[in-house]
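Engineer: Build the 3D model from these lines:
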Amino acid sequence: ENAPAAAAAFQEMLQQRLTPDQVSYNTLLDAHAKSADGTGAHQVLNEMINTSVAPGVVSFTIVIEAYARAGDRAAAEEVFKSMQRFNVQPNQITY
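Structural biologist: Next up is the predicted model:
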């Protein structure tokens, strides 16, 4: 639930020259979602994409959840649309 602590742990992982994978990113995304930080979660999703780690349905769903918790329905819908552009199929949890 603590996004700054999760970000610090993630940065430490990078400093140790460990390569983050989808699970690592999803953990960081989840910390942002639990803090209702949709913008932070979206930034992590973009970083994930820019580092060639393919986001999956869980990744996108977490970002949608982050925006929903923040009360930003429009941003959540935009993430949903981008999910479809990446050919990631929503699941029951996404809806």
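
Engineer: Show residues contacting stretch 3-21.
Structural biologist: Counting by Cβ atoms under 8 Å, 6 or more residues apart in numbering, stretch 3-21 makes contact with 24, 27, 28, 30, 31, 32, 34, 35, 37, 40, 51, 53, all of which sit outside it. C-beta coordinates here come from the backbone N, C-alpha and C atoms, glycine included.

Engineer: Name the helix or strand for the residue nearest the centre of the chain, please.
Structural biologist: The residue at the geometric middle of the chain, judged as the C-alpha nearest the mean C-alpha position with Cα atoms, centre = their mean, is residue 29 (3.7 Å). In this assignment (DSSP states H and E), residue 29 forms part of helix 22-34.

Engineer: Then residue 78?
Structural biologist: Using DSSP H and E, the secondary-structure element containing residue 78 is helix 73-85.

Engineer: contacts for that helix?
Structural biologist: When contacts are taken as Cβ under 8 Å, 6+ apart, the neighbours of helix 73-85 outside the stretch itself are 38, 42, 45, 57, 60, 63, 64, 67, 68, 90, 94.

Engineer: The second one and residue 62 touch, don't they?
Structural biologist: No. The criterion here is Cβ atoms under 8 Å, and residue 42 misses it with residue 62 at 10.4 Å.

Engineer: Alright, that wraps it up for me.
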